[in-house]
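Chemist: Quick one: sequence plus predicted model below, questions after.
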Amino acid sequence: MNYHFSLHRFTQKTVLLLFLIGTNTVFSQKPIPKQSDRLQQYLGFWVSSIDYKTDSVAKAPLIKMNNYPKIDHTTMAVDVFQRDGEIYNHTLTELIGYDTKTDSLFALGKSAQGQMFLGTGAFTTQSDWIMKDRDFTGKETMTVSFDFKNQTDVYLKGVNPQNEMLWQTRYIKKNPKHKNIGIQLVSVHEEMQKNPKETLKYLDRMGYSYIETFVYKDRSFYGLSPMDFKKLVEKNNLKFTGSMTFYDLPSDDHQAWKKAMKWWKECIEDHRQAGVEYLTISNNQIKEIETLSELKRYAEYYTAIGKLCKERGIRFAYHNHSDEFKTVENKVVYDYLLENTDPEYVSFQADLYWMHFSQINPIDYFKKYKNRFISWHVKDYKELGQSGKMDFELYFEYTETAGVKYIVAEVEAYNYPVWYSINAAWNYLYFNIL
């Protein structure tokens, strides 16, 4: 992640200002330009709402729809199941794809009654999709319209050739969580500031299992007490698993050290109450380090924090950016920290993007320092998996070697609307990597 500041020292206004400066790509979003890209909104696992007028879902929804990507994500296989008592019967299957020659969407489907149809159409706006169905005699049978309320909510209706309503329904995304994918909330920072309840609801629907925060301030999270924030997270079927926290290395005197340790004890206790499993820290002062003796103080500082964390049942990890790969007295900073912090107390959270950006092969570190990396930040130069620069499939062959327990998606380079990109990150990890 690319936010270099100490959260305990400044106001909310300053935090936001630095955030805007450091991640301005977030606020230069573009619309979804291509039909094929817009189609990807339909990927994933959906269930019908209780009624098409609401986004509420029953414990046993009437319809389930599973949409799997095929070829290059411009095609998907769709299977629809309808509840009959306690079982779900397969009622419809489709192959939906994008055609490059006509810049159109096509669907080939078959119902449980054996009737096949061919649908043609396109997105008419960013959120409206219309398909006209014909049977194999060439007769027009139905027009189906899709209205994406957001990335997790789509309203469908079918009308006959006379424009008479045949049916209407509403699907709510309900992606599975068994692959345990987390997300760093810097990815939805603005959304969390505006409406944390709604934001967490969407993350739950998209299939994220847990969250990692970076906004611990004044002993609170987004203005909520540790317990209240924990309750809000759990109410939305998520876990508050990780948190990035900041407190600069104290000056070399007893009182400053004592003050820092007091802050960390309070911080750790607040996170313990919130149910957090691990804390991370990063360092924005590495550029200023000129000697190994200076670096030694940081190693001692992180070990001291790690001891406090372990005493309270929490893991502690160091998060890298790019400065860690500079050398001090012919020693790479990152290597020094790995070799001079106690593995019992200090783990590491590898940011794969910053390693690649620094022309470092992460695999070399995972092999050399086995079991030191409890967490990865999985981030790309564009939306996750879209730059073609990073070999995530190869990296993920080394999760066991590295000792990874927490996979955290992070999006900071936005070329599409925020929720489209967040949804695409989960799709990429779920369907392509894990």
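Modeler: In hand now; what should we look at? Numbering: from 1, shown residues only.

Chemist: tally of neighbours for residue 121?
Modeler: 19 (other Cβ atoms under 10 Å). (Glycine included, C-beta is placed from N, CA and C.)

Chemist: So it is in contact with residue 99, correct?
Modeler: No - taking contacts as Cβ atoms under 8 Å, residue 121 lies outside contact range of residue 99: 11.1 Å.

Chemist: Find the residues that touch each one of the two.
Modeler: residue 105 (Cβ atoms under 8 Å, 6 or more residues apart in numbering).

Chemist: can you pull out the strands in the stretch 301-434 of the chain?
Modeler: Assigned by DSSP state E, counting those that start in this stretch, the strands in the stretch 301-434 of the chain fall at 315-319, 327-328, 331-332, 347-351, 373-378, 406-409.

Chemist: show me the contacts for residue 153.
Modeler: 55, 170-173.

Chemist: what residues go with each domain of this structure?
Modeler: Domain segmentation of the chain under automatic domain parsing yields 12-29+177-433, 35-173.

Chemist: Of these, flag the one that's most buried.
Modeler: Comparing the domains of the chain by mean neighbour count (mean count of other Cβ atoms under 10 Å), domain 12-29+177-433 ranks first with a mean of 18.

Chemist: what distance separates that domain from the centre of its chain?
Modeler: Centre-to-centre, domain 12-29+177-433 and its host chain are 12 Å apart (Cα atoms, centre = their mean, to the nearest Å).

Chemist: if you average pLDDT over each of the domains of the chain, which comes out lowest?
Modeler: Mean pLDDT is lowest for domain 12-29+177-433 among these, at a mean of 93.

Chemist: sorry, back to before: nearest to residue 239 among the contacts of residue 153?
Modeler: Nearest to residue 239, judged by Cβ to Cβ, of these is residue 173 at 19.0 Å.

Chemist: what's near enough to touch that closest one?
Modeler: Contacts of residue 173 by Cβ under 8 Å, 6+ apart are 44-46, 151-153, 205-207.

Chemist: Over to residue 387?
Modeler: Contacts for residue 387 (Cβ under 8 Å, 6+ apart) come out as 380-381.

Chemist: try 10 Å this time
Modeler: Counting by Cβ atoms under 10 Å, 6 or more residues apart in numbering, residue 387 touches 353, 356, 380-381, 413.

Chemist: Report the two of these separated the most.
Modeler: Taking every pair in the contacts of residue 387 and measuring Cβ to Cβ, the maximum separation is 13.1 Å, between 356 and 413.

Chemist: shared neighbours of those two, which are they?
Modeler: Counting by Cβ under 10 Å, 6+ apart, the residues touching both residue 356 and residue 413 are 379-381, 387.
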